[in-house]
Every structure is written in structure tokens, then in C-alpha cells.
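K.L.:
Next one to model:
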Amino acid sequence: MKHTLLPITAAVILSCSALSVAAGEFTIGAGGSVFKSPYKDFKDDSAPLLFVEYQGEDLSVGLDGISYRVMGNDNSPLSLYATLASVGEGFDSGDSTFFSGMSDRDTSVDLGVTAAYQIGEGAVSGSLLHDVSDTHNGFVADVSYSHGFEIAGKAYLTPAAGIVYMSEDYADYYFGVRDSEATANRAAYKADAAFNPYVGVEMIVPMGESWQLVSNANYIWLGDEVEQSSIVDRDNAWSATLGLAYTF
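P.N.:
Next comes the predicted model:
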């Protein structure tokens, strides 16, 4: 069973990029997440989380994919990355009784670029990722702004806001209903490209030199092109994650 969440940002799940790690360090962690899918009668609303991540000088590998910095460094405001990730998690027909008779929607593999520009304690980030696995054959673009704050010297809080653009091919693959899948209760639907704004917040609480408690929450408003699908019954989706990470 797949845990269907919209590609809000990489921060939807625990991300090593937000942890205080130095180049050449590994992070392992465990936790759990709760979420609300926009799909009708979606079964699961929680999931365990185990992860291993690596942060090198230019290479990072984690739950949000693989990125390699091709321009910039830790001291320059602008960094550009080549990124391999998955922005389409899909669903199985057994994930909801409403999906009965539908084909599974597969997880995609997507390749593209990610850029980040540091502005003081804040950052403007953008990404463009295109399917290279012949799954949805579309792309997703994301632009966001985040700003970090230190709280009483004991925790770090990073709120963010942005917007995700889903191409027509992407939106139709994951939210469309084919003519062959239509029933009396599930109308055929051709989804168009959609803009989806979102907000999120992450908190990191250091617990000694190597341990950190990490939590985040994200909320996305769905574009009309997604919301009007016959397999969608919400105009939003959200997720929250709590985990414990160890860096070495």
C-alpha cells in the first residue's frame, strides 16, 4: 500500500537538509506521520517512518531523493543542484473502496534541477522535476520561501510558504478517471494543470551533540482542476511528522 501524499515539498517528510549536519555525516532516524489524503475513502491516515540519510559536501541522499550541487558552495548565496527524486507516489486500487476497478497509479522517478538562494536567515527555493520513468510523463515545479528562527537557544523553527504547479499530464495521471474506469458513481474526468499553494513549518530540538527531535507539518490547498475530480472529496491535504534522528 502506498501512502499517497501530494508533492508539497521535500519537507513533507523528515529531511536531512534541515538537520544540523556537517559534510560527510550520516543520519539515521525513526518516527511516524499522520496525513489526510484528498482521495475519497482513502484507508490509511498514518504510517511509520524509518530513514537513513547522507550529507556530503555536494552530494546528499535521503528520503527526498538524491541531489548533487553543480554550482555554488556553503559560503555562496546561490546553489544549484541536479536532483533525482519521486514527485508522484500514486495509489493502489486497494487503497480505497472507491478505487475498485481502477488501474494502479505508479510511483514515478523524476529528474531535474533544484535551486536555493540564501537571503539572511531565509531562503528562496525552486525546483523543476520531470518524469523519466514513463509513468505520468509530466512535470512538477515548486517555488517557496522559508525563514529560520532560533527559539530561546534551544530549538529551531522554520516556517515556509510556496506554490506547486502540476502539469496536465501529471495531474491527469494521478487525479483523472479514464473512460474505461468510469462507473455510475465515478464519472470520467480529465484533469488539467493545477496551481496548489501550501504552507509548512518544521521544528528541530537538539538533544545533545548527536540527537535531534524533528517535527513538521504541512498544509496544501488543491487547485480546482484537482478538487473537481470524481475521486477527490477534499479541497486540501495535510501531513504531520514527528521523529528522532541520530547523526554520526
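K.L.:
List of residues touching the helix ranked longest in the chain?
P.N.:
Secondary structure assigned by DSSP state H gives helix 168-175 as the longest helix of the chain. Counting by Cβ atoms under 8 Å, 6 or more residues apart in numbering, helix 168-175 makes contact with 87-88, 90-91, 105, 131, 135-140, 189-194, 225-226, 229, 231-232, all of which sit outside it. No exception for glycine: its C-beta is placed from N, CA and C like everyone else's.
K.L.:
Could you check how far Gly208 is from Phe26?
P.N.:
Distance from Gly208 to Phe26, counting by Cβ to Cβ, to the nearest Å: 17 Å.
K.L.:
what separates the residue of the chain most remote from its centre from Val52, distance-wise?
P.N.:
The C-alpha centroid of the chain is most remote from Ala184, which lies 33.4 Å away (Cα atoms, centre = their mean). Distance of Ala184 to Val52, given as Cβ to Cβ: 47 Å.
K.L.:
Okay, helices next: where are they in this protein?
P.N.:
Along the chain, counting by DSSP H, helices occupy 168-175, 224-227.
K.L.:
Mind checking the ones you listed for the one nearest to Phe98?
P.N.:
Set against Phe98 and scored by Cβ to Cβ, the helices of the chain come closest in helix 168-175, at 12.9 Å.
K.L.:
Let's test this: mean pLDDT of the closest one, rounded?
P.N.:
In this model, helix 168-175 has a mean pLDDT of 98.
K.L.:
Look at Tyr145 and report its pLDDT.
P.N.:
So, for Tyr145, pLDDT stands at 97.
K.L.:
nearest spatial neighbour of it, skipping sequence neighbours?
P.N.:
Val124 (5.4 Å; Cβ to Cβ, 6 or more residues apart in numbering).
K.L.:
Which strand residues bridge the one you found?
P.N.:
Per DSSP bridges, the residues bridged to Val124 are Tyr117, Tyr145.
K.L.:
That one against His147, yeah?
P.N.:
No: counting by Cβ atoms under 8 Å, Val124 sits too far from His147 to count as a contact (10.3 Å).
K.L.:
Relative to Tyr156, how far out is Phe99?
P.N.:
From Phe99 to Tyr156 the distance is 40 Å (Cβ to Cβ).
K.L.:
now Ile163
P.N.:
Relative to Tyr156, and taking Cβ to Cβ, Ile163 is found at 24 Å.
K.L.:
Likewise for Gly223?
P.N.:
Counting by Cβ to Cβ, the gap from Gly223 to Tyr156 is 32 Å.
K.L.:
Comparing the two, which residue is more hemmed in?
P.N.:
Gly223 (22 against 19; other Cβ atoms under 10 Å).
K.L.:
Angles on the backbone of Gly223, please.
P.N.:
Dihedral pair for Gly223: phi -70, psi 160, per degrees, to the nearest 10.
K.L.:
show me the contacts for it.
P.N.:
166, 194-196.
K.L.:
about what we covered before: so between Gly208 and Phe26, which is more surrounded?
P.N.:
More neighbours surround Phe26 than the other of Gly208 and Phe26, with 14 against 7 (other Cβ under 10 Å).
K.L.:
ok, what's across the strand from the more buried one?
P.N.:
Beta-bridge pairing of Phe26 under DSSP bridges involves Tyr54.
K.L.:
The one 5 residues further on too?
P.N.:
Bridge pairing for Gly31 (DSSP bridges) gives the partners Leu49, Gly243.
K.L.:
and if you look at Phe139?
P.N.:
His130.
K.L.:
Isn't Val52 up against Phe26?
P.N.:
Yes: in this structure Val52 lies within contact range of Phe26 using Cβ under 8 Å: 6.8 Å.
K.L.:
In strands, which of the contacts of helix 168-175 appear?
P.N.:
Judged by DSSP state E, the contacts of helix 168-175 include 131, 139-140, 194 as members of strands.
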